[in-house]
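S.K.: generate a structure from the sequence data that follows.
(2 chains)
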Amino acid sequence: MTRFPLQLARWEGRQSLRRVGVYMLSISLGVAALVAVRSFREDVARSVREEAQVLLGADLRLSSRASLTEPVQEAVDSLRGEGRPVARTTTAGSMVLAPSSGVTRLLQVRAVEGDWPFYGEVVTRPEGLWGGEGGQGVLADPAVLTQLSVEIGDTLVVGELRVPLVGSVEDLPTSLGFQTAIGPRIYLGPDLLEEAGIIGFGSLVRYETYVAIPDAPSRDAAVATLESLTEGDGVSVETADEQAEDLTDAVGFLGRYLGLVGLGALLLGGVGVGSAIHVFVKERLTEVAVLRCLGARQASVFTAYLLQAAGLGLMGAVLGGIAGVLIQQALPLALAGVLPVEVDPELSLPTLAWGIGTGLWVSLVFALLPLLTIRDAPPLRALRQALEVEGRRTDPLRWAAIALGAASVVILCLVEAPSWREGLGFAIALAVTTLILWAAGWSLIRVTRSLLPRRGPYTVRQGLNNLFRPRNQTVAVTLALGFGAFVVATVLQVRDNLARDLAVEQLEGQPNLLLFDIQDDQRAGVLGLLPEDARSAAEVTPLVPARIQGIRGRRRSEFQELPEEERPSGWAVRRDYRHTYRGELTDAEVLVQGSWWSDAPEVEEGVARVSLEVDLATELNVGLGDRITWDVSGVEVESEVVSLRTVDWSRFQTNFFVVFEPGSLARAPATWVVLARVDGEDRRAGLLRQLVETFPNVSALDITRIQEVVQAILEQVTRAIAVLAGFAAVAGVLVLAGALAASRHQRAREGALLRTLGARRGQVLTVLLTEYLALAGLAALTGIGAALVASWILITQGFGLEYEVNPGSVAAIAGGMALLTVVSGLLGSRELLRRPPLPVLRGQ
Amino acid sequence: MSHVIVAEGLGKTYQSGGRPLSVLQDVDLTVTAREIVAILGPSGSGKTTLLGLLAGLDTPSQGRVILDGQDLAGLNEDDRASFRARNVGFVFQSFHLLPSLTALENVQVPLELLGEGAAGARRQRAQELLDRVGLGDRIGHYPAQLSGGEQQRVALARAFSTRPRILFADEPTGNLDQSTGARVIDLLEELNAESRTTLIMVTHDMELAQRTPRVIRLSRGRLVGDEVGVPA
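M.R.: Numbering: from 1, shown residues only, chains lettered A, B, ... in the order given. Now for the predicted structure:
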């Protein structure tokens, strides 16, 4: 082959850039999203890996709800004996009152014993307070100062302790941003924790033991020993690397989903490329015929145009790559609140090359099919321009191009998705969505055509007719714009529904205050503090801590001997249970097997009747009539399953895996939980203050506060997703712009003809406006319709919530789309309105 | 003198509305080297079809075409294109310059397709031809920036760029006014004489036909006249 294709591509490239250069931007957008997300994912993984020891503050951590058993403690002591630094932290939730402001909050109180963290530096204000644990005072996360409205030097009341706040912990490397947002902490010495007296029976406490063993063989040996000693004790042994891996996985998972949205934007760009090249090729067929007349071979001309598509695709991809690197720099700032570490963006050339390569590949694959038409242009067309290009009935290359396109989409999905299942699922979902959107768009266009008004202003009828002009891209544009609307509308509808579910305060009569760790003798006193109306409606529930000792007469230690299909799940056996006893089912429960107490079969004397949550029963491999032995504060309690229930865990109330018959656990030591509704923020604040002063060990949660924090995180995550969804929407608009740019000459000729025949500018403008509004309308109907179905499935099936359409966001998306479509359409057609008709008709 | 074009029993039939429609029938024709031939006939007489068949742009339904000793029936589409690149030049009624290429680049296209000689030499040849047609100062202009006459002069330069043995011209003045058309024909004749090219020109312009030494007349797809005489 001669160098002609390259030469022609180079010559024609300048004009092609002007004609279909916009399509290259739709590729840029997708590449930018992919490069940004992938680079960012790598940045996070690298930062977490580099900071693994610092993030744990040690090489090894043992964490448990109870103090370590003697053998484990001995193993830890022997490590200490070998000269390994060992430290211990004890963390418990407690109400903290700031007398100066009168504000109370449930905070995490952490006592640090030893020189932890062993890695990384803790920054305090004033400096150098860490290690001495503030002496006779406490330190606090900066969020605490804000939440309690206190300053350094103020006094805090923690349980029975009145203590000065001596400083703030500005940077604790082991603290993950989002954890601090949910549960801000105060730090004190072990003696002060003891003095505060907040750890009592049934309190939620976490004990963590940290060890520094930098050399891997010794660490692995220690881990093996400790794991064998803690088997089934509810103690988790974790190394710094394991924690880093968990964190990387979590962020990587989110990153990969974001990557899929980016891929969606890129593939949409591909649709834009296909549609622009389709029009471009149709308009070039005579030129192709002239070239063939002059002696150009089929392959030469095809290669010349393929090279042009490649060149434009490459430019688009490179632009996108550069934009992606810029976005990568901004992402750590935008997501600072949910990132485990400070992320330092680093340019990754392989990722950049991969993104650019993917962009180029997608442009070529999507351009291939329309480009194949070039081969069918007969040279005779140079003499007879009316000669139509006859496609080949069976063209193996066309089928190969389609197969290549489909295979590319699947491979890219597999590469981007967290797992091959999700990749395949995404590819199928993409295909189904595209098919549905295409079918919906196609049907809508058909319906519109059949309903075209025969009367009414000519300009409107002409505008609607334009949707069906020869070489129209109506289906492709409807598909692309519709896809953008679909992604944005789905994200927003899901967010709106989740946010509505979180808005507890707005739900009349729902509890908004949770009081817990109430001891038996404090129950009446705590209830007495509640306002009269709240007291009568309050839900008071006993909590009895328990662990499984045996099932069907077989001891827990013997479970391992059971054949696998009969063996109960490890987590279900090991976990610490909190049971309750009551006479009624709650709104969140539905009996699915057996009978409730009054109708249930009597059981042997000394055996308690229980109702199990149905999934737990499956995990434990038990059914009606089976017996479970519980360890309740050191006393063995035998129970028999008489019913199975489903529980709606999403309901804000106290839900339980196991409910005992009233009276059966009445003598067991219990703590109490009170759920109440107290309206008015001031009344709640006043009540909490009184509560801390009277019952320092009792904890309270103002649900509206949690809701605020969760909503803030939800907002941040949805913002990231929405930005990428926005990419898809903008990509859709670029497809429109590309289609308009590609058909500019055709439109210009039509406009010029209309104006020659006497149409005023205003009339031409009305024709255009009608066409663009109709396009936006078709796309919005298609995309939003599909989004409502998709979000309904997600919310009702995925989250198990009630679905409600937010008409505001639907209207906003439809309006936004109409505006974007009309503005970009008119921008692309301004030449048509501006240029006098004669030069246009003469083709100048 | 040797025959550069031989057409034997040439015919073309299309399917129209499910029935065969014959647009050219039994055309026998020979053209010798450096001959200038006008194909004359009313619209729909089959002029353009004959030109397309002679140039190998289309395949005949009957008969055969031998161009410069090569039977076109023995060549596939791409081989015919390569043959054209080496031996044939074209001038079209609608000029058919590539709109995205400058005048110079348009003239270079056939040279690039042949791929012979150095890039500098090809460019120089194109420049010389544009000088020759009086557009040496317009080499960087795009077709849209040139008048119809100028565009056709660029097309002439393009047609002669590879020094073809045969030149096919399809109504070369059809889109031009009379005086511009006359200037283009003068130029065509000059270049043709300089290049010793065989020229086959389709026209329905009697005046133009009278300037050519040989006129072939077509009517309803049949050759109805072949007049050889001295041009007026």
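S.K.: C-alpha only now, for contacts and for neighbours.
M.R.: OK.
S.K.: in which helix or strand would I find the residue of chain A found nearest chain B?
M.R.: Closest contact between chain A and chain B, by CA to the nearest CA, is at A:Gly295 (4.0 Å). Using DSSP states H and E, A:Gly295 is not contained in any helix or strand.
S.K.: within range of chain B, give me the residues from chain A.
M.R.: Applying CA under 8 Å from any CA of the partner chain, we find that chain A lies next to chain B at A:2-4, A:7-8, A:11-12, A:14-16, A:287, A:290, A:292-298, A:378-380, A:382-383, A:843-844.
S.K.: go again using 7 Å as the cut-off
M.R.: Residues of chain A lying near chain B by CA under 7 Å from any CA of the partner chain: A:2, A:4, A:11-12, A:15, A:287, A:290, A:292-298, A:379-380, A:844.
S.K.: state the phi and psi torsions of A:Val659.
M.R.: Per-residue torsions, A:Val659: phi -120, psi 130 (degrees, to the nearest 10).
S.K.: so what's it bridging to?
M.R.: Beta bridges link A:Val659 to A:Thr580, A:Ser611, judged by DSSP bridges.
S.K.: show me the contacts for it.
M.R.: Listed by CA atoms under 7 Å, 6 or more residues apart in numbering or on different chains, the contact set of A:Val659 reads A:His579, A:Thr580, A:Tyr581, A:Val610, A:Ser611, A:Leu612.
S.K.: I'd like the next helix or strand past the lowest-mean-pLDDT helix or strand in chain B.
M.R.: Every helix and strand in chain B was compared by mean pLDDT, DSSP states H and E; the lowest is helix B:206-210, with a mean of 84. Reading on from helix B:206-210 to the C-terminus, the next helix or strand found by DSSP H and E is strand B:214-219.
S.K.: ok now that next one, how far from the chain's centre?
M.R.: Relative to its chain's centre, strand B:214-219 lies at 16 Å (CA atoms, centre = their mean, to the nearest Å).
S.K.: what does it contact?
M.R.: B:36-41, B:45-47, B:209, B:223-229.
S.K.: which ChimeraX command selects the buried ones in the residues you listed?
M.R.: Per 16 or more other CA atoms under 10 Å in any protein chain shown, the buried members of the contacts of strand B:214-219 correspond to this ChimeraX selection:
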select /B:36,37,38,39,40,41,45,46,47,209,223,226
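S.K.: from the contacts of strand B:214-219, which ones fall inside strands?
M.R.: Those of those mapping onto strands are B:Ile36, B:Val37, B:Ala38, B:Ile39, B:Leu40, B:Leu223, B:Val224, B:Gly225, B:Asp226, B:Glu227, B:Val228, per DSSP state E.
S.K.: and the gap between the fourth one and A:Val157?
M.R.: Same thing as B:Ile39. According to CA to CA, to the nearest Å, B:Ile39 stands 110 Å off from A:Val157.
S.K.: ditto for A:Val632
M.R.: In this view, A:Val632 and A:Val157 are 33 Å apart by CA to CA.
S.K.: equivalent analysis for A:Ala439, please.
M.R.: 66 Å.
S.K.: and those two? which has more neighbours close in?
M.R.: A:Val157 (20 against 15; other CA atoms under 10 Å in any protein chain shown).
S.K.: excluding chain neighbours, what is closest to that one?
M.R.: Computed as CA to CA, 6 or more residues apart in numbering or on different chains, the closest residue to A:Val157 that is not its neighbour in sequence is A:Leu97, at 5.0 Å.
S.K.: just to check, B:Ala157 is in contact with B:Asn106?
M.R.: No - distance between B:Ala157 and B:Asn106: 9.0 Å, which falls outside the contact criterion (CA atoms under 7 Å).
S.K.: tell me what the residue most central in space within chain B is bridged to.
M.R.: With the centre of chain B defined as its mean C-alpha position, the nearest residue by CA atoms, centre = their mean is B:Phe168, 1.5 Å away. Judged by DSSP bridges, the bridge partners of B:Phe168 are B:Phe90, B:Ile200.
S.K.: now for B:Val107, how many residues are close by?
M.R.: 30.
S.K.: what's near enough to touch it?
M.R.: Going by CA under 7 Å, 6+ apart, B:Val107 touches B:Ala126, B:Val154, B:Ala157, B:Arg158, B:Ser161.
S.K.: now swap in B:His3 and tell me
M.R.: B:Thr30, B:Val31, B:Thr32, B:Ala33.
S.K.: okay, and the beta partners of the second one?
M.R.: Spelled out, that is B:Val31. Counting by DSSP bridges, B:Val31 forms beta bridges with B:Ile5.
S.K.: thinking it is in contact with B:Ile5, fair?
M.R.: Yes - using CA under 7 Å, B:Val31 is in contact with B:Ile5, at 5.0 Å.
S.K.: perfect, I'm done here.
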